[in-house]
Structure formats: C-alpha cells, structure tokens
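>>> A predicted structure for the sequence below; I have some questions about it.
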Amino acid sequence: LFPPGSGRLVPYDLLYADGVRAYFARDWPRAAELLQRALHSYSQLLAARRGCQGRCREEAGFAGPPAAPCWETRFFDRVLQRAECLGECLGRRLGSEPSLHRASREIQEDFEQREPYNYLQVALFQLKKLDEAVSAAHTFFVANPQHLQMREDMEKYQRMAGVKLESFRDLQATLYWVRSPWRSAAVKLEESLEEVLLALEDCRALCEGPQEDDTEEEMQLAHYIQVLKCRQHCVLEVATKPGRVSATDDFIPSHLDLLQFAYDQVGNHALAAECAASYLLFYPSDELMLEKMKRYQADLGEGASVASRENIQRYVQRSLMEKKLIYYAVEHLGGTFDDPVSSCIFFQRSRDLTGFSAASADPGRTHKKAEPILPPPCPGPFTFEGITIAMDSLQLNGSQRVVFDRVLTDSECKDILRLAKAAGGTGDGYRGRQSPHTPHERFEGLTVLKALQLAQDGTVNWRDATLLLHASEKSRKIVESYFTPGKRLHFSFTHLVCRTAVEGDQDGRMDLSHPVHADNCLLDPEGKECWREPPAYMYRDYSGILYLNDDFHGGDLFFTELDAVTVTAQVRPKCGKLVAFSSGGENPHGVWAVTRGRRCAIALWYTLSPEHAEQVMLPLGANQEGTATTSPHRPGKDIPLLLLALSLPPSLWHLGASVCSSGS
Ligand SMILES: O=C(O)CCC(=O)C(=O)O
Ligand SMILES: [Fe+3]
C-alpha cells in the first residue's frame, strides 16, 4: 500500500502496531526500526498539520467574504472552506488520504504520552545502543515523571558506567524549554489563543453586510449599530461554532491567566509578567494578579519594564470603543444590548466612558430614559477574605497541622465537582478504577494539566478547569503564608481525586480508604520511624487537601502517632475546608473507609525546592541521596509493602507501571 520511496507516509499506527508486535516477539532490531519509523511518521504528520493549518488560515483570510445573505451562513462557509483546504493540503503532503492517518484514541494517547519511547528504550538497550536507549528513556520520563518503572530505569542508567550526561536528552523538546509539562501547556495555550483571536477577526469581518447608499441616515446608523452588536457577539460565536477550539465568554482573560501561570511554572518571568499585565486589562483590580505582578516585577529587577501584549491592548480598546458606541445608541435611539462579555470591567468601563449613568440622570433630556442595565455578575478573582483557621496544631494534637475553612464557596465547590463529573464522563484520563487501597472503592484522579487538556478538546468547560487551577493556587498561597512566610512554596503535584464507595460491597468492611502513611517518607510503624528515601517523594515538604463535598458516609481524615494506630486528630471533610500539614513523619495520616457516596478533594503537595516544582524527576547529575544504594538503616522487608507504595503519589497508579500493560 505504501511502497518505500513512493513519498507516501506510512500511517504511524500501523508502524507502531508492527513495532509492538516485534517487541513482544523479542525481535529487537525490527522493533527498534519500526518504532523509530512510527515516531518519525507521527512527527511528520504533526508537522504537515501545522503547516497546513497556517496556510489554510491565510487562504481563508484572503478569500474575502462569500456573497451569502446572512453572516452566520457565511461564517460556516468560511469554516467549511478552511476544512476543505486543510483536507487538500494534508493529502498532498502525506501522499494519501488524511483519514488514513487518523489513529484510534488509544494510540493517539500513547503517542501524546510518549509511550513508544518506552518500548524503544528497551529494544535499544537490548541492542546495546546505550546512548540512544538513554535518550529514548529520558524522553519518555520527561512526559511520565510518575512512572515508577522508568524512574528505576533512569536511576540504573545514571549509575551505569559509560553513560554520558549528554545522552539524557529530550528528543521531543522544543527549542528552549525542557522538562516541565507546563512547557507544552504553554505552547498549546498560545496556539489556541492565537486561533481564537484569528477566528474572532474572521467573524468580525463577516459582520459587515452590504450597505445601501441611499438609505436614510437614521437607517444607516441603525445598520452600523447592528454591525457593532454583531461584532460584540463574535466572542460567543467563536466559542460555540463547531470545529473551533472550545471557548467561553471569558476565554481570552482565562487564557492569559493560564499562560501567566504556565510561564511562571517554567521560570519565564518576563512572559509571565506580560500575560499578567494583559490579564489586568480585563480585571484591573484582581488582587491576586496584582500581587503576582509585584512579584514578577521584583524578580525581573528595577529597570525592567513590563507591558501588556499589544494585540490584547488593541482588542480591549476596540471592544471598549464599540461598547461605548452601542451603549450610546441604546440610550439615545432605544433598543437593547445584551452584552455577551461578562467581564465586569468591560461593562463598567464602557458605562463610564459613555457617561451612561450621568446622562440618564440629566433632567434636560427629553428622551425616554433608558432601562437601567444591571451589570452582569462579576465572577471576580479569589480573595482571602473570609477564610478562617478552624483548628491549629494544638487543637489537632500534633505539630505543623492546620485546618482552614471557607477557602471555597459552595458554588466554587459545585463547579469543580462538575468538572470531575464531566471528566469522568469522558472515560478518558479520569477513568474510575478500583482504588489502589481498597477493592471497596473506586478511585479517580484528574490533574490540572489534564483538565486544561480536556478544556482544550472541548470536553470540559474552560472556566471550571481554570477554577481548579485557581483553587490550587489559592491553597498554595494560604499554605505558603501560614507555614513558610517569605519562602516560596512550589507545587510538586496536584490532582482532583474522588473516592466512591462501591454499592453493595460495604458490609463488614474493615479496611481504610487510604491506609496510614506519611507523604515524604516511608513509614515504618514497628520501628516507629519514617525513612526519607526513595521511592518516597522526599522533596515534598507540605501537603494540603482541599475538600469539595460532605455528602458521603465515612471518609474522615485522621492523624496518628508514628505507630500508625494511635489516632491523634480527625477532620470531617466539607466544601471549602483545607487541611494542611508538613509532609514528614510527624504527620502520619489516613482516611477512614468511604462507605457510601463519593468523596472528592483536591490533593496538593508542595516543595520548597524549585527544581522539583510540578515534576518529580531528580535533577540529572545531582547526587540523589539514597538512590544509589539502599540505606543501611532501612529495615528492608520489615516495611510493609503497602505502606511503601502509599508514600508515592496516587498518580503513579494510573500510569501503566510496566511496558507490557500498554499498547497491546
Ligand atoms: O484525601 C485525604 O483526606 C488524604 C489523602 C492523602 O493523604 C494522600 O493522598 O496522600
Ligand atoms: Fe497523604
């Protein structure tokens, strides 16, 4: 079908399937070759898609509005035109029908998760191509830092004689960023922001219907206002048209917010600051963002000037101007305007600009007074107002423990729970599976990045995904200011996790939902010690759990002594309750069985060390305490295996732990 030299790209899923088959047949040379070809084919496909997208966007942009009677139809025409262009362009570049290159969802996910590199590294290792094997392993590990098997392999590679430091390279890294998963998030966010701004332009251009010269002035004005309203509605149009990136009315500011977060995570403070400044154009009094701006400014130094993005400035100014004109018209000519953008600042500013309120009160006016327009509810930023300390270390009978209340409002909890539900419905990335701790519960986890990815796909809504990020960030700030004032706490790992009681399987249950453990060391209840060594996440310094609901039975969190049985304190989960504690042996904890319903929480782990921010890979070349040999103090087999496993993040359990469990 695809003879070599025909210039036709062999679909990557076919190559992959053959490669995996060869792998299991232990035909290493063939496996390595096919897997490498599969990866090559996949990257060619992505490159072709990117190239064609650029071209077709231009083409559709230059084509000019087709002469259809109403602009919605024309908008669809434009979309169809672009789809057609894409199909042709891809067909040409790939040398075959683009549909042949559409792999199943599972295979796509494998490639997104870099799974083929996992097979490849084994095959290359078997072929004694050590340098290439290490690069492949490293490339896989960068995207799967929680993968226990690979983590061990990486440690082995690092200890191996003859392995060069340069071999630890990410074969998929884009130019200047390595390691952080936020890197690819930022790239994707930039892409989708650009997509939307372009789509907006497309949509706005189509608002301009034919102008009849001889209509009366009044009619012309009415027509013009219609055009302006149409343009204002483009934000929503772009949000809901099929084939577009999913968006909400708050799409642009949310994107800027997420981008500043992503850039901050990868340490690019200049870009983070630029996005923060751009975000502030929408919400100039957002306290959290203003505070971040201050930090960025301090990080960047005195002389550095921070400006918002020009395209966003233009967007905001233009939008304000249009709203101003519309409000003016509504007031003087009648009619209504249902502002599609709920951003309060837009509303308030455009009202201020028109002098709307003052004009309405002017007694000299003869016009019928315009209906007062109520500002839309401001979603507003989080504030720390209202948060209370419900229990401190003393009341919790231990050290470095605290419980805060009212970190989230009921409606925020509801929105985040909705996110969990929507993500659960996809059966993707959030699959309910048996809890790793107990057969009587199902266990589901969703990371912030995965939530953003689902928002990108349009599976969940942007606002909810952003809310998850905000809730995490807010908790981080609270924990930071409580436990480490003046020192920055970084996210180490964050996920939304739900535990659901399996119905009809709860009678006489004796086990726990989450057995007693400590978060950064291996608890040894017999020796009454906690070993801070791998595979525990040693660099986790603080833990937080932000609860989202209480409509379930059981599921209280409890702290114990080092013996793992003497309970010292207990916390009943509730929406908005945040429990935080230091992650070490001073805080062994567990969760009572959930015997009815579903218990959801955002689990958060923080680190003081920037190198471990939101990734779990140890810096290469650095000396990893205790990784090279087993500590002589470690009572090896005396540590119950379960306790050992529990000090690893739950995320580990939903990544295929071994090569064999995936791709087959
Ligand atoms: O959900 C909870 O209350 C605690 C969970 C926990 O300790 C953990 O995931 O490490
Ligand atoms: Fe824990």
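Thanks, I have it. Ligands and ions are numbered 1, 2, ... in the order given.
>>> for this protein, which helix is longest?
Looking across the chain with DSSP state H, the single longest helix is helix 28-62.
>>> Only the buried residues of that one, if you could.
By neighbour count, and taking 16 or more other Cβ atoms under 10 Å as the criterion, the buried residues in helix 28-62 are 28, 30-39, 41-42, 44-45, 48-49, 52-53, 56-57, 60. Where you see a C-beta, it was placed from the backbone N, CA and C, and this is true even at glycine.
>>> same check, this time on stretch 398-416
Of the residues in stretch 398-416, those buried under the neighbour-count criterion (16+ other Cβ under 10 Å) are 398, 400-408, 412-413, 415-416.
>>> Next, see if it gets close to ligand 1.
No: Stretch 398-416 lies apart from ligand 1 when judged by Cβ under 6 Å from any ligand atom; the minimum separation is 11.4 Å.
>>> Identify the residue nearest residue 553 in space, chain neighbours excluded?
Counting by Cβ to Cβ, 6 or more residues apart in numbering, residue 596 is the residue found nearest to residue 553 once chain neighbours are left out, at 3.8 Å.
>>> Report the secondary structure state of that neighbour.
strand (DSSP: H, G, I helix; E, B strand; the rest coil).
>>> going forward, begin numbering at 51 instead of 1
Okay, using 51 as the starting number, the last item reads as residue 646.
>>> Would you mind measuring from it to ligand 1?
Residue 646 sits 16 Å away from ligand 1, going by Cβ to the nearest ligand atom, to the nearest Å.
>>> Look at the residue in the stretch 151-300 of the chain that ligand 1 sits nearest to and give its secondary structure.
Closest residue of the stretch 151-300 of the chain to ligand 1, Cβ to the nearest ligand atom: residue 196 (13.3 Å). Look at residue 196: counting by three-state DSSP, its state is coil.
>>> Would you list the phi and psi of it?
In this entry, residue 196 is assigned phi and psi values of phi -90, psi 0 (degrees, to the nearest 10).
>>> Number of residues surrounding it?
The tally of other residues near residue 196 (other Cβ atoms under 10 Å) stands at 22.
>>> just residue 361 next, same as before
Using other Cβ under 10 Å, residue 361 has 12 other residues around it.
>>> Pull up the per-residue confidence for it.
According to the predicted model, the pLDDT of residue 361 comes to 89.
>>> Hmm, it is touching residue 247, no?
Yes: judged on Cβ atoms under 8 Å, residue 361 makes contact with residue 247 at a distance of 6.4 Å.
>>> Confirm residue 486 sits in a helix?
No: in this structure, residue 486 is coil, not part of a helix, as judged by three-state DSSP.
>>> returning to what we had before: restricted to helices, list the buried residues of stretch 448-466.
Using DSSP H, the buried residues of stretch 448-466 in helices are 462-463, 465-466.
>>> quick one: which two of the residues you listed are the most distant?
Greatest spacing in those, by Cβ to Cβ: 463 and 465 (7.4 Å).
>>> Is residue 103 in contact with residue 133, as I believe?
No: if you go by Cβ under 8 Å, residue 103 and residue 133 don't touch, sitting 11.1 Å apart.
>>> Which neighbours do residue 361 and residue 247 have in common?
Shared contacts of residue 361 and residue 247 (Cβ atoms under 8 Å, 6 or more residues apart in numbering): none.
>>> which ones are touching the residue nearest to residue 603?
Here residue 646 is in contact with 551, 556, 602-604 (criterion: Cβ under 8 Å, 6+ apart).
>>> If we use 6 Å, what do you get?
With contacts defined as Cβ atoms under 6 Å, 6 or more residues apart in numbering, the neighbours of residue 646 are 551, 602-603.
>>> For residue 592, state which of those is nearest.
Once Cβ to Cβ is applied, the member of the contacts of residue 646 that ends up nearest residue 592 is residue 602, at 25.9 Å.
>>> For the closest one, give the beta-bridge partners.
Applying DSSP bridges to residue 602 yields these beta-bridge partners: residue 647.
>>> any idea how far the residue of the chain found nearest ligand 1 is from residue 618?
Sorted by distance to ligand 1 under Cβ to the nearest ligand atom, the residues of the chain start with residue 607, at 3.9 Å. With the distance defined as Cβ to Cβ, to the nearest Å, residue 607 ends up 12 Å from residue 618.
>>> of these two, who's got more company?
Each of residue 607 and residue 618 has its neighbours counted (other Cβ under 10 Å); residue 607 has more, 22 against 15.
>>> Spatially nearest residue to the more buried one (excluding sequence neighbours)?
Leaving aside its chain neighbours, residue 607 sits nearest to residue 621 (4.6 Å; criterion: Cβ to Cβ, 6+ apart).
>>> Quick check: that neighbour touching residue 608?
No: under the criterion of Cβ atoms under 6 Å, residue 621 lies out of contact with residue 608, with a separation of 7.4 Å.
>>> Return every residue with contacts to both of those two.
When Cβ under 6 Å, 6+ apart defines a contact, no residue borders residue 621 and residue 608 alike.
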